[in-house]
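Visitor: Sequence and predicted structure are below.
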Amino acid sequence: MALLMSANWPEVRAALDVSLTDRQLPDAVIGYDLYSGRAMRRVLEQVPTAESQTGDALQRCKNAAIFYCAAFLAPAIPNITRKSIGSGDMELAYDIDWEARAANLLAAAAAELAEVLTPSEATPTMPVMFAAASGTRGW
């Protein structure tokens with residue numbers, strides 16, 4: 001099962017900016033191998049069994065792929081400087097630092113994969129040793 005499919009494209013857009021629409025960032029662009037394919041390969045480089053994971057581990061691998069895809073897309077998105085709200089009576093001006101957004105998304109992807117790669121239970125630190133005891137059993 002692929003880590004990213006077209007059903008995940010709204011999540012990729014939301015990772016970048018929740019106000020992005022499919023008109024501003026079309027599904028076809030997200031689906032380019034340059035973005036989604038590269039993101040899946042990046043996850044599989046770090047967790048070769050990502051596609052066969054189950055439960056929480058699979059979801060974390062998918063989240064990492066979404067974050068990587070968004071991070072690869074971020075520098076390609078033009079800055080949105082003005083946006084009309086409502087009937088155009090009010091305008092909201094803002095700038096997004098897409099390079100910083102990409103860095104944050106890369107960090108989020110790494111954090112998701114760290115949860116998969118780190119064992120969930122602490123390994124016992126006491127070594128197991130066997131020895132032969134002499135004597136009888138108290139008889």
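Guide: It's in.

Visitor: what's the offset of the helix or strand containing residue 40 from the middle of its chain?
Guide: Here residue 40 sits within helix 38-46, counting by DSSP states H and E. Here helix 38-46 is found 10 Å from its chain centre; the criterion is CA atoms, centre = their mean, to the nearest Å.

Visitor: Show me what it is packed against.
Guide: helix 55-73, helix 98-117 (3 or more CB pairs under 8 Å, 6 or more residues apart in numbering; DSSP states H and E). C-beta coordinates here come from the backbone N, C-alpha and C atoms, glycine included.

Visitor: which of the ones you listed sits most buried?
Guide: Highest mean neighbour count of the helices and strands packed on helix 38-46: helix 55-73, a mean of 23 (counted as mean count of other CB atoms under 10 Å).

Visitor: by how many degrees do it and helix 38-46 diverge?
Guide: Between helix 55-73 and helix 38-46, the angle comes out at 130 degrees (axes from the mean of the first three to the mean of the last three CA atoms, to 10 degrees).

Visitor: which residues touch helix 55-73?
Guide: 3-4, 8, 11-13, 15-16, 25, 29-30, 34-36, 38-40, 42-43, 47, 50-51, 53, 101-103, 105-106, 108-110, 112-113, 115-116 (CB atoms under 8 Å, 6 or more residues apart in numbering).

Visitor: quick one: the most centrally placed residue in the chain from residue 29, how far?
Guide: With distances taken as CA atoms, centre = their mean, residue 64 lies nearest the centre of the chain, 1.7 Å away. Distance, residue 64 to residue 29, using CB to CB, to the nearest Å: 20 Å.

Visitor: Next: residue 41.
Guide: Counting by CB to CB, the gap from residue 41 to residue 29 is 18 Å.

Visitor: who has more neighbours, those two?
Guide: The neighbour comparison of residue 41 against residue 29 (other CB atoms under 10 Å) goes to residue 29, with 17 against 13.

Visitor: No further queries at this time; thank you.
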